[in-house]
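In: Generate a structure from the sequence data that follows.
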Amino acid sequence: MKRIKIKELLSSSPVGSDVTVKGWVRTKRGNKNIAFIALNDGSTINNIQVVVDIPDFDENLLKDISIGACICVKGKLVESHGQGQAVELNAKEIFLYGKADADTYPLQKKGHSMEFMREIAHLRFRTNTFGAVFRIRHAMAFAIHKYFNDKGFFYLHTPIITGSDTEGAGEMFHVTTMDLNNIPKGENKTVDYSTDFFGKETNLTVSGQLEGELGAMALGDIYTFGPTFRAENSNTPRHLAEFWMIEPEMAFYDIRDNMDLAEDFLKYLIRYALDNCKEDLEFLNSMIDKNLLERLNFVISNEFVRLSYTEAVDILTAADRKWDYPVGWGRDLQAEHERYLVEQHFKRPVILTDYPKEIKAFYMKQNDDGKTVKAMDVLFPGIGEIIGGSQREEIYEKLLARIREMKLKEQDYWWYLETRKYGTAPHSGFGLGFERLILFITGMSNIRDVIPFPRTPKNAEF
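Out: Coordinates of the predicted model:
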């Protein structure tokens, strides 16, 4: 008999049908005559209750069926007389795939801290919380592709290994095949990269944006969705060394078009989650964040406030409160400032624009005032910045001057500059950190808990 997934069984299988289910034991209870097994296969947060008449089964088999064991059950679906489920499965045959030692299995039926769960990331998928998180993560990845596909965007695969630094920050992971115990040096005692695999210094990418712009200059509208890397020694609940980014780039978009797309995109994703991840979100709302559903609905039902960085600084300066980080024109805003604007001042999501050019990347289009650029940051409740983007500088002379001003290696960007020489056009784009999005949609408080295997300083386990 073909296996049926528990999600399908609970939604479409009629009472009285013979079915086969397979999964992992969540709980087992009962007495000397009857046992009740809660079985879960990961397809849904809900378990199927398996009712076992103990005299009908081998005693040794039943002893081996403990929490964490993997089993196959064949039986008849019947109405349940117990609370919490409409149907249950009367077991006729049970096959044990794999035992789980009851004395050593880490996920016993009790509360476990998130810190402990990170130590057993290979098993945390089996809990209700992480099952819900990673089903939602899948749904959001699918929704992202669907959104852009339906709008006529093309999915562009940009390189993971790169010779350029998009942000100009220098905090990148180096890629090399050289013997680290015998690194070749040139006459001036610097590393001789000519002997390395690529013949030049290369790194793991911090962004696919620059290459994405090249695609947009021919295909019109593109997006990237892939892993990115930052070698920042940041041990915070909001930072990872390896994370995923969604980066659309659009020809002929100005900063207003960019903001419109970002707002529409975020609202679409949240609506998709509310429509397609209902049970998982209700569980997380109950167990992790009591205000989760209210916050998600709040975002999709309100227009985002739009104001300039300068206006935001004025609001923050006038606020009657003490900041941990100082506020002033020319300073980058911190999470406490961003959250104040969203959660207390406007009580709505906010898009900030026109930042000082000195605190933004070289590729952002300069405003006529000579001091600010056409940048935009989307700020959300509970999280602060969730999207960062800009209209890109399309004028060759201005872009070249900015590269030189920031003391970047001009030769590393020759190909990027050439797009401004051959048929340049206004264009814009933004980046959405996928894990930041999942943090917001799940209500989880630490970014390490929304990616399967977090990569952080001094941690590359699993």
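In: Was I right to think residue 391 contacts residue 253?
Out: Yes. Assessed by C-beta atoms under 8 Å, residue 391 is found in contact with residue 253 at 7.4 Å. Glycine gets a C-beta too; all of them are placed from N, C-alpha and C.
In: give me the beta-bridge partners of residue 223?
Out: residue 155, residue 248 (DSSP bridges).
In: Distance of it relative to residue 249?
Out: 7 Å (C-beta to C-beta, to the nearest Å).
In: list the residues that contact both of those two?
Out: Listed as contacting both residue 223 and residue 249 by C-beta atoms under 8 Å, 6 or more residues apart in numbering are residue 212.
In: more neighbours, those two?
Out: residue 249 (31 against 26; other C-beta atoms under 10 Å).
In: Show the contacting residues for the more buried one.
Out: 209, 212-213, 215-216, 221-224, 392, 427-429.
In: Just those residues: which are in strands?
Out: 221-224, 427-429 (DSSP state E).
In: Common neighbours of residue 391 and residue 253, please.
Out: 426-428.
In: measure the residue in the chain sticking out farthest from the centre to residue 78 for me?
Out: In the chain, counting by C-alpha atoms, centre = their mean, residue 55 sits farthest out from the average C-alpha position, at 48.8 Å. Distance, residue 55 to residue 78, by C-beta to C-beta: 19 Å.
In: for residue 361, same thing?
Out: From residue 361 over to residue 78 the distance is 62 Å, taken as C-beta to C-beta.
In: Have a look at the two and say which one is more surrounded.
Out: For residue 361 versus residue 78, neighbours defined as other C-beta under 10 Å are more numerous around residue 361 (21 against 14).
In: can you pull the pLDDT of that one?
Out: In this prediction, residue 361 carries a pLDDT score of 94.
In: Tell me the backbone dihedrals of it, please.
Out: phi -70, psi 160 (degrees, to the nearest 10).
In: likewise residue 87?
Out: phi -130, psi 160.
In: Same check on residue 314?
Out: phi -60, psi -40.
In: Listing partners with orientation, what would you give for the helix or strand harbouring residue 75?
Out: Per DSSP states H and E, residue 75 falls inside strand 70-79. When pairing is defined by DSSP bridges, strand 70-79 lines up against strand 18-30 (antiparallel), strand 87-98 (antiparallel).
In: Next one: the closest residue to residue 289 other than its chain neighbours from residue 449, what distance?
Out: Distance criterion C-beta to C-beta, 6 or more residues apart in numbering; nearest residue to residue 289, sequence neighbours excluded, is residue 443 at 3.0 Å. Distance, residue 443 to residue 449, using C-beta to C-beta: 11 Å.
In: And the two? Which one has more around it.
Out: Neighbour count, other C-beta under 10 Å: between residue 443 and residue 449, residue 449 has more, with 23 against 20.
In: And the helices in the protein?
Out: Along the chain, the segments classed as helices by DSSP state H run 6-12, 59-64, 114-119, 128-150, 209-219, 255-276, 278-287, 292-300, 309-318, 335-339, 396-405, 414-418, 434-442.
In: where in the protein is pLDDT low?
Out: Scanning the chain with the threshold set as pLDDT under 70 gives 165-170.
In: The residue farthest from the centre of the chain touches residue 32, doesn't it?
Out: No. Shown here, residue 55 and residue 32 do not form a contact pair, counting by C-beta under 8 Å, at 9.2 Å.
In: where's residue 288 relative to residue 266, distance?
Out: Residue 288 is 21 Å from residue 266, by C-beta to C-beta.
In: Have a look at these two and say which one is more surrounded.
Out: Using other C-beta under 10 Å, the more surrounded residue of residue 288 and residue 266 is residue 266, with 21 against 17.
In: just checking, the more buried one touches residue 387?
Out: Yes. Taking C-beta under 8 Å as the definition, residue 266 is a contact partner of residue 387 at 7.2 Å.
In: Overlap in contacts, these two.
Out: In contact with both residue 266 and residue 387: 378, 432, using C-beta under 8 Å, 6+ apart.
In: contacting residues around the spatially closest residue to residue 444 that is not a sequence neighbour?
Out: Distances taken as C-beta to C-beta, 6+ apart put residue 450 closest to residue 444, at 5.4 Å, once the chain neighbours are dropped. Listed by C-beta under 8 Å, 6+ apart, the contact partners of residue 450 are 133, 137, 435, 438-439, 442, 444.
In: Return the closest of these with respect to residue 456.
Out: Of all the contacts of residue 450, residue 435 has the smallest distance to residue 456: 11.9 Å, by C-beta to C-beta.
In: Could you tell me how many residues sit around the closest one?
Out: 22.
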